[in-house]
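J.: sharing a model that was predicted from the sequence below.
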Amino acid sequence: MGIEFDFGAVLAEWPLLLRGVAWTIGLTAVGTVLGMMVGTFCAWARADGPRWLRAVVGTYVELIRNTPFIVQLFFIFFGLPAAGVKLSPEVASVIAMVLNLGAYSTEIIRAGIEATPKGQIEAAVSLALSRSQVFVRVVLPPALKKVWPAMVSQIVIVMLGSAVCGQISTEELSYAANLIQSRNFRAFEAFIVATLIYLALSVALRRLLDWAGPRFFFGR
């Protein structure tokens, strides 16, 4: 029995696909910016913060890194309402992505911080810079430069992980593909198209971050 493919039936639903791509890009952008901010603060806390803060951050990092992303997402969306905190699918997705990227980027950035020569920090202190100035101007830029390839890979992983957010009705790309195949029963074609779009998004995101890193975060 021959198999007939009909990609036209999927591509005809391009407004749904476009909306899904837009949501995927939006979730990734917000999750990346906020997640890196969380990761930078937590990396500082683990490297140079007070003992109680290091313990809190360490617990957060270990909790997130040792549990599945989908469980974290479900806890935020389905579990928090039991405590009186009800969130929309989009907000729950953003929070889950921020917390997830924040935990992983904490360890990535901390590795870069620990690789910074002590003499470089001591030289900055001798110039009467405050601790925050030393961290932001002297420690963080070279640390990011050392770990940027790992950071880029983690951001791409988080972007791909956003596909799980369709499970709570966030209208990202995988949600769109699933909705399309439920309408026309072209599951193979729908998910092949979604796969190719995710591939294109991953390549584009990696190249964008490789270009942006030296220009905006740590200099050439």
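T.: Sure, I can see it.

J.: which residues touch A212?
T.: Counting by C-beta atoms under 8 Å, 6 or more residues apart in numbering, A212 makes contact with nothing. No exception for glycine: its C-beta is placed from N, CA and C like everyone else's.

J.: sort out which residues of the helix or strand it falls within are buried, please.
T.: A212 belongs to helix 187-212 when assigned by DSSP states H and E. Neighbour counts over helix 187-212 (16 or more other C-beta atoms under 10 Å) mark E189, A190, F191, V193, A194, I197, Y198, L201, L205, R206, L209 as buried.

J.: wait, doesn't the first one sit right on E4?
T.: No - between E189 and E4 no contact is recorded; they are 10.3 Å apart, counting by C-beta atoms under 8 Å.

J.: in TSV: the buried residues of helix 187-212, plus pLDDT.
T.: Listed next are these as TSV, based on pLDDT from 0 to 100:
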residue	pLDDT
E189	94
A190	95
F191	96
V193	96
A194	97
I197	97
Y198	98
L201	98
L205	97
R206	97
L209	95
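
J.: nearest to V158, of these?
T.: Among the buried residues of helix 187-212, L205 lies closest to V158 (C-beta to C-beta), at 10.1 Å.

J.: for that closest one, give its distance to G84.
T.: Per C-beta to C-beta, to the nearest Å, L205 is found 36 Å from G84.

J.: before we move on, what about F7?
T.: Distance from F7 to G84, by C-beta to C-beta: 46 Å.

J.: and if you look at W14?
T.: Distance from W14 to G84, by C-beta to C-beta: 41 Å.

J.: for the two, indicate the residue with more neighbours.
T.: W14 (12 against 6; other C-beta atoms under 10 Å).

J.: per-residue confidence for M1?
T.: Here the pLDDT value assigned to M1 is 48.

J.: now the one 5 residues further on
T.: In this prediction, D6 carries a pLDDT score of 86.

J.: I am finished for the moment; much appreciated.
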